[in-house]
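J.: 3D, please:
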Amino acid sequence: MRIDWWTLGIQTVNVAVLVWLLARFFWRPMSAMIAQRRAAASQMLDEAEAARAQAAASLIDIERTRAGFAQERAAILAAARDAAEQARAARLAEAAQEAAAFQATARATIASERQAAEAASQAEAGELAINIAQRLAARLEGAAVHAVFLDWLVQEIRSLPETMRHAATTVEAVSACPLSPEEQEHTRARIAEALGGQPAITFTADPALIAGLELHGPHLLVSNSWRADLGHILAEIRR
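T.: Numbers count the residues shown, from 1 in each chain. Next up is the predicted model:
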């Protein structure tokens, strides 16, 4: 058997380099890591021991607190009995005040209801009077009544400010009953004269007026009818 010393030498050098590399890049970091883990474990054990000691101290405090619960319970029960007695006395006094206030409120409510009943009776009587007046006024419609309401309408129009009268270029004359062509022409002439111009006037009928003649416009309203008068009377009665 023949030994190749060159090959043996090269392999020896390779083994030496490998051992040096392992020692530098593996065993040293591994040793440092193991030491670090050992220090961390030791610290955890110390912290656990401190926590155990703290828990033991807390347990002692709990035992002391539990020992004083009996006395505190007795004191709490006594204070609760005293508070309950005071609350009962206060509640009795409050109930007496509430009863007195309820009686005063009841008397005021009865008086208010009596006044409301009297007002309702007055309003009902007023509405009945208005209904009777409406039935009577419904029989008065005719040429003579229309002439009277036309005179009143003309007077109210003339009492309006001049700027308002001149601004009424389009108006609507509303009567309780339809007007004949002759009545429309006469009414148109009187209204135009009162307004002081030549407004466009249309005629409509509204039986709800009962009797009368009203003038409606975009910026003008002249209420001149039994409905308007009776409404004012009813409002005064209710007031």
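J.: And the strands in this protein?
T.: 170-175, 200-205, 213-217, 220-222 (DSSP state E).
J.: what does the last one contact?
T.: So the one you mean is strand 220-222. Contacts to strand 220-222, defined as CB atoms under 8 Å, 6 or more residues apart in numbering, come from residues L153, E156, I157, L160, M164, A167, A168, V171, E214, L215, H216. Backbone N, C-alpha and C define where each C-beta goes, glycine included.
J.: closest to A48 among the residues you listed?
T.: H216 (98.7 Å; CB to CB).
J.: State which helix of this protein is the longest.
T.: helix 28-138 (DSSP state H).
J.: tell me what that helix is packed against?
T.: On a contact count with 3 or more CB pairs under 8 Å, 6 or more residues apart in numbering; DSSP states H and E, helix 28-138 meets helix 226-238.
J.: chain center to the helix it packs on, what's the gap?
T.: 37 Å (CA atoms, centre = their mean, to the nearest Å).
J.: Break the protein into its domains for me.
T.: 1-118, 140-238 (automatic domain parsing).
J.: What average pLDDT does stretch 217-227 get?
T.: In this model, stretch 217-227 carries a mean pLDDT of 86.
J.: how about that stretch: buried residues?
T.: G217, L220, V222, S223, N224, S225, W226, R227 (16 or more other CB atoms under 10 Å).
J.: contacting residues for the closest residue to L153 other than its chain neighbours?
T.: Spatially, and ignoring its direct neighbours in sequence, L153 is nearest to N224 (4.6 Å; CB to CB, 6 or more residues apart in numbering). Contacts for N224 (CB under 8 Å, 6+ apart) come out as F149, W152, L153, E156, G212, L213, E214, L215.
J.: if we can go back for a sec, centre of the chain versus the longest helix of the chain, how much separation?
T.: On CA atoms, centre = their mean, the centre of helix 28-138 falls 26 Å from the chain's centre.
J.: Tell me how many other residues surround E63.
T.: 9 (other CB atoms under 10 Å).
J.: among the domains of the chain, which is the most enclosed?
T.: Mean neighbour count (mean count of other CB atoms under 10 Å) peaks for domain 140-238 among the domains of the chain, with a mean of 16.
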